[in-house]
Every structure is written in C-alpha cells, then in structure tokens.
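> generate coordinates for the sequence data below:
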Amino acid sequence: MPPSTGPEIPNEIEFSSAKYSAINSSDDSYATTNSGDERTHRFLFNITENINHIRKISFYWEGKHDISTTVYMMIWNYTGSNWDLLTQENIDNTSDTIVTYDITSGFSDYINQSGALNLMIEVPDPGFNPQTFYTDYVYINVTYDYYIGSNTTNSDGYASIIYTVPNSAYLGNHTLKAKFNGSLEEFLNPSYDTTIIKVSSIPQVKNITATPQIVGYGFNVSIKANVTDEVGIDKVFVNITKPNGKSTFVEMINVYDTIYEYNFSDTWLKGIYYYFIWANNTDGISNQSQTKEFYVNATLDIGIGAEKETYKANEYVYLSTCRADWWNCSWLYRRAIEIRENSGETLLDFPINLTINTKDIISEGKLQENCSDLRFIYEKPIYELPITIDNSGFDERINETIKITITDSNILNKIQSKNEIRIFNSSVEEPYENSEYLSFWIQTLTDEELILWVKVPYIPANGQKTIYMYYGNPSVSNAENYNKTFDEIIGEAGTFATDHNWYSVTFVNSYSATPVIVTSMTTNQEGASGAATAAVVRIRNLNTAGFEARAEEYPSGDGLHLTENFSYVAIKEGTWIVAGLLLEAGTSTTTSSYTTFTFNNNFDSTPVILTHINSYNEADSSSLGSHTREDNPTASTIDVKIEEETDTSHASETIGYIAIQQGGMDNIIEAYKTGRAVDDTWYSITFQKEFSSTPVLVGKFMTEYGSDNSEERIRNLDTQGFEVHIEETPAHSPGTHTTEEFGYLAVKEGLIRGIQYKSQPSISLGSETIVGNTYQKLPYWIESGCNSTNTKVWTQIPFLEANGNAKIYMYYGNPNADSESDEISEFSYS
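Down below sits the predicted model:
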C-alpha cells in the first residue's frame with residue numbers, strides 16, 4: 001500500500017551523491033536500499049516549461065529486487081492529495097525490469113505551481129524477511145507543444161511560415177505538425193501532416209595552441225584544442241597548410257577529457273604553417289576554428305661571449321672562450337644536478353641536502369682544498385604564456401587597456417617579483433633584450449592572484465587576440481608603466497590655502513565640460529564641535545577653468561576665519577577605472593530634504609561616496625555653512641540632502657558626487673571607509689597604502705545615525721595618515737555626536753589618470769612553455785667533510801613543481817674565490 005501522506009515519505013532519507021551518480025544511466029550500477037524499512041524510492045523532478053505546453057510525459061524506471069515480487073509505479077496527485085497508481089510489473093533478481101508509462105492529460109494534478117513532480121517506485125512490505133531493492137536508471141521525458149504561427153495559402157495552394165529555432169530549444173527530435181482547419185464554404189475537410197526535425201548543437205573549438213610556436217627543421221609541433229559539444233563529438237581533424245601550399249587533413253587524438261592533440265613532425269620547409277581545427281558531432285553538424293599559424297626556422301646556437309660588456313668607439317672586441325650560457329667565466333667547471341619532486345607538492349625555497357665527492361675533484365686540481373670556490377646555481381627557466389582575449393559580442397578595440405587576472409598557482413609560484421614580467425603583442429625570442437613590450441601595470445601580485453592591466457593595440461570585433469606574457473628573470477628592472485597604461489587624464493587633485501575670503505583656484509588640466517568637485521578642509525586652525533567658529537568649505541562659480549572657494553562659518557559665527565589648508569579632487573563626469581578601482585563621478589540636485597542618487601553602475605559592495613555642493617544658489621546670510629549630509633549608502637544608491645546650521649529649508653543646489661570602490665595602490669590612490677567609528681572626538685586613521693609625499697585628501701560622513709547638524713573636520717594630514725572628527729554646528733552646543741561611518745579618498749597630488757569603464761572581454765590562458773633560462777646563485781652551507789668522498793652540503797631550490805624536475809649546477813674551479821658557505825643564509829631560524 002502507498003503511504004497515506006505525501007509527497008514526502010515519513011522518515012525518508014535522501015540519496016547520497018554516490019547513489020545519485022549510480023542512477024543517471026543504464027549501466028548495472030545501482031542505488032540500493034533495504035526493502036523492509038526502505039522499500040520506497042521517491043524521485044522529485046522539476047518541470048520548468050509552461051504546463052499548458054505539455055502534451056505527454058513518459059516515465060521510465062529500471063531496476064530489480066532480491067526476490068520475485070511486484071513493483072508499483074505511482075505519481076503524487078496534488079489535487080487529490082494521494083498517490084495515483086500508474087502501472088505495475090513483476091520483478092525479480094535475474095535481470096533488470098523496465099517499467100514505463102505515459103500520461104497525456106491531467107498534468108495540473110501532478111505538477112504544482114513550483115514545477116515539482118513526484119514519482120514513486122515501491123515494492124510490497126516483505127515482512128520479517130527484508131531484501132535488497134535496486135534502482136539502476138530512472139528518468140522522465142516531457143513532450144511539449146508550441147504554436148509557431150499561421151499563414152494563408154498562395155495561388156498554388158501553399159502556405160509558408162518562417163520560424164527560427166530558439167537557442168533554448170531542447171536537443172533531439174522535434175515533431176512539426178501542419179494543420180488545415182478546413183472550409184465549409186469551399187467544402188474542404190480539415191487535414192494535417194507531420195514531419196520530424198532534429199535540433200543539434202554546434203561543436204565548440206577553443207584554446208587552440210601550437211607548441212612551440214617557432215621550431216627548427218624536423219622538430220615536432222604539438223597542436224592542441226579544447227573541443228566540446230552538447231550532443232557528443234564524433235571526429236576532430238586538423239588541417240595544416242605548409243609554406244608550399246600543400247595541405248594535410250589528419251585526425252586528432254582525444255588525449256584526455258575534452259582535449260584533442262596532433263603531433264606534427266613534417267617540418268622540413270622553412271616558413272609559416274597555417275592550421276585550423278575542424279570538428280563534427282554525432283548528429284553530423286560540423287564547425288571549424290579560425291586559422292592560426294606557427295613557424296619553422298633554421299637556428300644555430302653559438303655559445304660565445306665578449307671579454308668585456310662595454311667598449312669604447314673603434315675599440316677591438318675580442319671573443320671570450322667562456323660560453324654564453326655560463327654563469328660566471330671565472331669558474332672553469334660545472335656539474336649538472338637533476339632534482340625530482342616526488343611528494344606531489346610544489347616546493348618553494350626548499351632546502352636540499354647533497355652528498356658530494358670533493359676529494360676526487362680536489363685531487364684533480366679543480367677545487368680548492370677548503371672547498372671555498374664551490375657555488376650552486378639554479379637554472380631558472382624563462383616562461384612564455386599565451387593569453388587569448390576573446391572579444392565575442394563586442395566592437396573592435398583600438399589601444400584599449402585590458403584586465404588580465406591569473407589565479408593558477410602553478411604559474412604564480414614561478415613569478416618571484418613584478419620586475420620579471422613582460423608582455424608582447426606577439427611571440428618573441430629574447431623577451432628581456434626586446435624593449436618593444438606592451439605598456440602594462442600590475443595591480444596585484446600575491447601567491448593567490450596576479451591582476452595586471454595591459455594596453456593592447458588592436459582586438460578585432462567579435463574576434464580574438466593572443467598576447468604573450470614572459471616571466472622568469474627577476475634580476476631585470478621593473479618595466480610596468482602606470483601612466484602609459486592608464487593614459488587618459490580624467491581629473492586632478494590639488495591643494496590651496498585661504499580664509500573666509502573667496503579664493504580663485506585655476507585647474508591644471510583643461511576640461512571641455514565642467515568637472516565634478518569635492519573639497520575638504522585639512523587643517524583645524526579654528527573651529528570645534530558646537531563652537532561658533534565651526535566652518536565648512538563652500539565653492540562657487542565652478543566652470544571648465546576653475547572655481548572659487550572659502551572657509552565659511554555658520555550664521556552664529558562672526559564670519560571671520562583663520563587661514564586653513566584645503567584639498568580638492570576634480571573628476572570628469574562618467575565611469576572610470578583608476579588604478580584598478582571602479583570610480584563614478586556625476587551630478588544631481590537636492591534640497592534640504594533627502595534625495596536618492598542612483599549610480600549608473602552597480603558596485604560589488606558599498607563604495608566610498610563623497611558629495612559636495614557644486615553651486616551657490618542660495619547666498620543669503622541665513623544659509624551660511626550649508627553642506628551636504630549623506631545617509632543609507634548602498635552599492636547602487638546614496639541619500640543626499642543640504643544641511644544648514646539648523647533644520648531650515650534650502651533652495652535646490654547642484655551636488656557633485658564621487659563613488660569609488662574601496663582599495664588602492666602605493667603612491668597613486670587610496671579609498672576606504674571606517675565603518676561606524678568616528679564621533680566628535682578626534683579619530684586617527686593610518687593610510688593602508690604608502691605615499692612618498694603628503695597626498696590630497698577629501699572625505700565625507702556617509703551616514704546619519706546622529707541627527708544633530710554636523711560636518712567632518714580633518715587635521716594633521718601627512719604621508720602616514722590624518723585625524724578626523726564630527727564638528728556639529730553652533731546650534732548644537734556642546735557638540736557631542738554619536739559614531740558615524742566616514743569615507744575618504746587620498747590621491748597623489750597632480751593629474752589623475754584612468755581609463756573609461758567598459759565591459760571587459762573574457763580571458764583564457766594557453767600552455768606555458770620554456771623559451772630560455774637565466775641563472776640564480778643559491779645560498780649554501782658546507783655542513784661537514786670537505787676534501788672527502790662524503791662532503792655534506794645544504795643548498796635550496798627556489799621552485800620545484802609537483803612531480804616535476806629542476807636543474808641546478810655546481811660550479812668550481814676558481815682559485816681566487818672566497819668561501820660563501822653560510823648556515824644562516826641557508827636556514828632561517830625562529
């Protein structure tokens with residue numbers, strides 16, 4: 001008997017992930033339960049389609065039971081609140097029994113408003129002799145009807161309808177039914193006919209690489225591609241065209257998962273080899289990739305060097321007998337030491353213990369008797385990493401700055417510093433000898449993440465562009481350039497000093513439209529919370545050339561104020577990226593009542609939001625000291641009003657606002673919020689980023705937890721930080737105020753550079769390849785046994801990939817070298 005309640009079964013337990021995996025295909029892999037306590041299997045299906053479109057639901061279950069019995073297939077009836085029996089079959093343990101059933105009506109009884117449909121498979125209670133109940137495979141097929149359209153017949157009796165199969169259509173066979181309703185006037189009977197069409201997917205070919213990109217005669221080129229298809233891949237071929245125009249069309253091998261590979265060795269012609277990937281699925285639908293290329297060139301490496309690095313004009317250059325790949329020509333000998341990682345973990349700066357027979361080397365006269373000339377050198381690979389920018393869905397990009405994010409630890413572990421990174425528009429042979437690299441700037445380099453921005457000359461519309469990043473030589477100088485990467489001047493940051501008199505500020509930059517202005521007083525020569533000398537910054541006559549500003553006390557003050565220092569930030573209206581931070585500058589209007597400002601772009605989290613009155617529409621003495629007040633900051637909005645000394649009305653004013661993502665970069669910019677922490681007492685803030693000179697600073701309270709009219713005041717600004725507190729108006733003496741949230745923006749004084757914000761293309765990483773080597777001297781310590789067959793030496797390997805190989809060299813043979821054996825440099829004790 002079925003349960004009396006439902007659709008949930010009393011005391012039911014959900015299948016484990018292993019059992020779910022077992023029932024997703026007919027493969028004799030079973031989800032099993034005890035048919036005494038667990039003789040019922042309930043399956044919940046989610047129907048996403050409109051119930052009015054459903055024509056048929058087909059149920060399929062496959063399984064068995066330890067003993068011969070009857071299996072019941074039931075469905076929960078939401079209307080009747082009971083289980084309806086669909087069908088039943090005899091079942092035993094000899095082989096799987098298949099139970100099927102179709103329903104063609106009553107769908108609203110079985111599918112609730114959330115799309116839930118419950119199917120139950122049950123065997124009778126075996127009493128005191130419980131057996132095992134097996135489910136091998138279960139599924140449902142839902143057949144839908146869609147009305148496509150109608151049309152009248154032409155003079156030949158034909159009607160046509162153009163219909164585009166939507167991207168959301170299910171894969172597989174679909175039945176098209178054409179129906180004629182008939183005509184009483186024409187004495188024509190109704191009629192219909194059907195035909196079958198198959199909807200299939202298109203094979204997707206991505207991450208195409210040829211490794212290496214440049215080879216010599218007769219060397220192998222490994223061509224790889226990631227090929228996927230929802231229906232299933234049938235064949236994948238690569239078409240390779242040689243420099244003489246002859247083509248080869250060969251099948252690629254599925255090496256693992258969705259990766260296909262072909263190793264091409266017929267590289268006996270110098271020149272460019274063009275290739276593309278062609279794939280078809282099991283439905284016969286094919287697709288091919290864009291054409292790519294690799295190169296065959298004859299190369300010869302000659303290991304020579306010059307005796308000196310620099311020469312005078314017309315001076316003879318004598319070649320050295322020292323090889324070009326030799327670490328130091330003062331050492332005559334070297335031995336390679338191969339190291340293999342066996343633990344399965346990537347090792348960084350890992351100590352290794354070597355046992356060396358120094359006695360024989362000393363006896364041959366190649367090593368000093370005290371082993372002073374031993375040196376250990378790491379042959380550090382230089383890597384090339386193809387980075388493909390996929391611009392699908394976007395117009396062409398010309399000289400645009402693109403964000404690159406890399407989180408692959410296998411790559412990041414090999415990058416020791418920002419200095420070693422170079423990026424080129426195409427593959428190059430000597431990345432550290434070539435100065436034609438692309439302009440780039442590194443936002444973040446940690447063990448977990450590399451974020452950099454690179455200016456790419458051209459990316460085609462709806463196309464791809466591959467650039468190449470090189471790393472592995474930390475001894476070179478840093479090549480990043482922020483100003484060339486973020487090359488649009490979007491504003492400026494400046495300072496001035498004035499008192500209660502209007503002071504004229506002239507912009508350093510020229511603007512075609514009036515920029516947004518935010519200003520702050522950064523000294524506190526006069527003023528206190530609730531005091532008559534409290535003051536704010538007011539500006540007027542803002543235009544494309546500059547503005548006027550002064551320290552303005554409230555009506556309760558005497559109108560006179562000592563000279564104070566001021567900071568201002570001017571930004572062009574729009575949405576920008578500055579040092580990797582999203583920034584929006586705009587204007588709106590408000591009065592003494594709160595107005596909600598909505599940003600043009602949603603931030604990932606609540607940004608720093610700064611506002612300032614950019615007009616001076618109400619100029620009477622009763623409105624002196626007017627300033628903005630903020631409340632309810634979110635990732636997309638901020639409430640803003642104009643506040644006077646007391647809660648009096650104020651005419652509409654233009655408000656400039658700057659919203660910027662939290663974060664920063666040394667000597668460029670910093671934007672942060674304090675949280676609810678600042679009250680009327682002075683609160684110290686230390687910059688999280690370094691500034692070599694005192695930055696320009698503007699700030700704003702972003703909340704109104706305390707209703708007393710107030711404004712922020714700042715003092716003691718230097719390269720390390722500043723102090724801030726809430727200064728209430730004279731109407732609220734003695735000026736005590738609860739804590740508020742404070743946001744600030746610190747910027748290096750001068751022009752502010754950024755790029756216009758726009759949606760970024762997607763990025764994919766190609767296969768990392770070694771294109772050269774550099775040499776790094778390693779610390780070492782001779783523990784014991786110099787001039788013996790059992791000399792114990794410790795050194796360390798900078799990087800050893802999991803299950804990978806690395807090579808270090810032991811150099812010797814310099815009679816003038818002093819020992820550099822040092823236990824402290826080899827081991828760090830704490």
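
> any stretches of this structure with poor pLDDT?
1-4, 35-38, 127-128, 168, 299-311, 318-321, 826, 828-830 (pLDDT under 70).

> which residues in the stretch 351-500 of the chain form strands?
Ranges of strands in the stretch 351-500 of the chain, per DSSP state E, counting those that start in this stretch, are 375-390, 397-406, 422-424, 440-445, 450-459, 464-471, 488-498.

> in the helix or strand hosting Val227, which residues are buried?
Applying DSSP states H and E as the criterion places Val227 in strand 221-228. Residues of strand 221-228 classed as buried by neighbour count (16 or more other Cβ atoms under 10 Å): 221, 223-227. C-beta coordinates here come from the backbone N, C-alpha and C atoms, glycine included.

> what packs against it?
strand 204-211, strand 233-241, strand 259-264, strand 271-281 (3 or more Cβ pairs under 8 Å, 6 or more residues apart in numbering; DSSP states H and E).

> after the second one, which helix or strand is next?
Read it as strand 233-241. That would be, after strand 233-241 and using DSSP H and E, strand 247-251.

> who does that next one pair up with?
Strands that pair with strand 247-251, judged by DSSP bridges, come out as strand 233-241 (antiparallel).

> how far is the partner strand from where the chain is centred?
The chain centroid and the centroid of strand 233-241 are separated by 32 Å under Cα atoms, centre = their mean, to the nearest Å.

> how about stretch 270-285?
With Cα atoms, centre = their mean, you get 30 Å for stretch 270-285.

> can you list the buried residues in that stretch?
273, 275-281, 283, 285.

> Ile669 - how many residues pack around it?
25 (other Cβ atoms under 10 Å).

> residue contacts, Leu385?
If a contact means Cβ atoms under 8 Å, 6 or more residues apart in numbering, then Leu385 has 411, 468-471, 765-766, 768 as its contacts.

> got the helices and strands packed on strand 221-228 as CSV, with distance to Val696 columns?
Formatted as CSV, the helices and strands packed on strand 221-228 follow (distance: least, Cβ to Cβ, whole Å):
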stretch, distance to Val696
strand 204-211, 45
strand 233-241, 57
strand 259-264, 52
strand 271-281, 53
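
> tell me which of the ones you listed lies nearest to Asp145.
When the helices and strands packed on strand 221-228 are compared by Cβ to Cβ, strand 271-281 sits nearest Asp145, at 27.1 Å.

> and that closest one, what does it pack onto?
By 3+ Cβ pairs under 8 Å, 6+ apart, strand 271-281 packs against strand 204-211, strand 221-228, strand 233-241, strand 286-288, strand 292-296.

> now the third one: buried residues?
Read it as strand 233-241. Buried residues in strand 233-241, counted by 16+ other Cβ under 10 Å: 233, 236-241.

> how much does that strand deviate in direction from strand 292-296?
Interaxial angle, strand 233-241 versus strand 292-296 (axes from the mean of the first three to the mean of the last three Cα atoms, to 10 degrees): 50 degrees.

> just the C-alpha atoms of strand 233-241, please, in CSV.
Below are the C-alpha coordinates for strand 233-241, written out as CSV (Å, rounded to 0.1, in the frame of the first residue of the first chain):
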residue,chain,number,x,y,z
ILE,A,233,32.0,14.8,-30.5
ASP,A,234,32.4,12.4,-33.4
LYS,A,235,35.7,13.4,-35.1
VAL,A,236,38.2,16.2,-34.8
PHE,A,237,40.6,16.9,-37.6
VAL,A,238,43.4,19.5,-38.1
ASN,A,239,44.1,21.0,-41.5
ILE,A,240,47.8,22.1,-41.8
THR,A,241,48.9,24.0,-44.9
